[in-house]
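> After the sequence you'll find the predicted model.
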Amino acid sequence: MQLVKLGVSAIALVAVTASGALARDQIQTAGSSTVLPYATIVAEAFGENFDFKTPVVESGGSGAGRKKLCEGVGENTIDIANSSSRITQSDIDTCKANGVNEIMEVRFGYDGIVFASDISGPEFALKPADIYAAIGGQVAQDGKLVANASKTWKDVNAALPAQDLLLFIPGTKHGTREVFDTKVIEAGCKATGAYDLFKAASAGADDKAKEKDAVKACNDLRKDGVSVDIDGDYTETLARIAANKNAVGVFGLSFYQNNTDKLRVATINGVTPSVETVAKGEYPVSRPLYFYVKKAHIGVIPGLQEYIDFFVSDEIAGPDGPLAAYGLVPDPELAKTQEAVKNDVAMGPLN
């Protein structure tokens with residue numbers, strides 16, 4: 001087992017386990033539903049190829065996973081949080097307040113966020129402006145902000161189908177929602193002119209405060225049933241679309257690619273989402289995928305270091321590995337990640 005320097009928290013963990021039963025002998029991870037299938041693939045392969053138990057992989061959402069990671073140090077807390085959005089400084093502060101002083105950030109690849117509808121429905125060629133105009137609470141009309149009264153996609157954009165508006169979007173606890181808000185809703189709000197109107201209407205003390213108010217207003221979505229938050233994973237969104245054929249749902253690219261027999265994907269800004277278009281930076285709605293490791297557990301929970309090394313190896317996370325085969329867009333800087341993992345590099349404060 002790799003030798004590591006133990007901090008105060010890790011020493012406390014060793015003392016606890018030495019005084020009672022043996023330390024937990026199975027890695028425990030939780031978090032992002034987007035990362036879930038990748039982590040499951042790795043966990044099963046790890047169990048088959050190493051003399052350690054197969055890690056436990058649970059979902060619950062990126063934010064919930066990071067919250068669990070920060071609950072403290074000890075065998076009753078998880079070892080790894082899977083996340084489809086980057087950890088926040090607030091998360092780091094919570095971790096430190098609970099004795100989790102060192103966290104390793106591991107970026108292992110990329111994923112696209114796609115808009116898809118029932119396979120038998122019409123094709124959609126969308127832009128962020130269309131999506132904001134469909135579900136934004138207030139929209140720009142003749143230079144003024146008005147309540148959104150659009151009923152169909154054709155009301156939003158004459159080039160779109162005359163199909164009733166109904167969008168299933170990720171709930172606020174999902175990492176996908178953060179990227180959706182930033183790269184779709186806020187981008188669309190700005191493109192339609194609503195952002196500038198929100199900013200002009202703000203009573204903020206300075207420009208920065210006005211911008212913050214405008215972003216908040218952009219993300220205040222319709223509450224009349226047109227925009228529906230999905231708190232479950234993508235399988236719930238898929239089930240909702242099966243029951244509501246006119247709906248459009250938000251999915252991870254890899255999930256869509258494994259359900260092309262049920263879903264028709266939309267283009268965004270004229271680009272069809274694919275591994276290739278995400279890798280080239282052509283598809284506009286993509287994000288990195290991470291997992292976060294509690295360093296105090298390395299060297300205490302059997303197999304944890306080996307699991308991390310295995311996860312980011314070329315054989316697993318590289319272009320010819322099983323994660324890419326499932327739909328992961330490989331990280332072009334995977335070698336840097338491998339080096340950081342090898343050297344147990346802990347992340348510092350966020351800038």
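Looks like it arrived, so ask away.

> just the strands in the protein please.
Remark: strands assigned in the chain by DSSP state E are 28-31, 56-60, 80-83, 103-118, 125-126, 138-141, 144-147, 167-170, 227-230, 248-252, 263-265, 267-268, 286-294, 329-330.

> If I look at residue 130, what pLDDT would I see?
In this prediction, residue 130 carries a pLDDT score of 98.

> doesn't residue 157 make contact with it?
Yes. Under the criterion of C-beta atoms under 8 Å, residue 130 makes contact with residue 157 at 5.1 Å. Where C-beta positions appear, they are placed from N, C-alpha and C, glycine not excepted.

> out of those two, which sits in the more crowded spot?
Taking other C-beta atoms under 10 Å, residue 130 and residue 157 do not tie; residue 130 has more neighbours (23 against 16).

> In contact with that one, which residues?
By C-beta atoms under 8 Å, 6 or more residues apart in numbering, the residues touching residue 130 are 153, 156, 157, 160, 188.

> Which of these sits closest to residue 72?
Nearest to residue 72 among the contacts of residue 130, counting by C-beta to C-beta, is residue 188 at 40.4 Å.

> contacting residues for the nearest residue to the closest one once chain neighbours are set aside?
Nearest residue to residue 188, sequence neighbours excluded (C-beta to C-beta, 6 or more residues apart in numbering): residue 132, at 2.9 Å. Applying C-beta under 8 Å, 6+ apart, one finds that residue 132 lies in contact with 139, 184, 185, 187, 188, 189, 191, 192, 194, 218.

> just residue 213 next, same as before
By C-beta under 8 Å, 6+ apart, the residues touching residue 213 are 198, 199, 202, 203, 204.

> Please repeat the previous calculation with a cut-off of 6 Å.
Applying C-beta atoms under 6 Å, 6 or more residues apart in numbering to residue 213 gives the contacts 202, 204.

> still on that earlier bit, of the contacts of residue 130, closest to residue 269?
residue 188 (10.9 Å).

> count of residues packed around that closest one?
Using other C-beta under 10 Å, residue 188 has 24 neighbouring residues.

> these two touch, right, it and residue 134?
No. Taking contacts as C-beta atoms under 6 Å, residue 188 lies outside contact range of residue 134: 9.0 Å.

> how about the contacts of residue 132 in TSV, adding pLDDT?
Listed next are the contacts of residue 132 as TSV, based on pLDDT from 0 to 100:
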residue	pLDDT
139	98
184	97
185	98
187	97
188	98
189	98
191	98
192	98
194	98
218	98
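
> most surrounded residue in these?
residue 189 (29 neighbours).

> For that one, which non-adjacent residue is spatially closest?
Spatially, and ignoring its direct neighbours in sequence, residue 189 is nearest to residue 218 (3.6 Å; C-beta to C-beta, 6+ apart).
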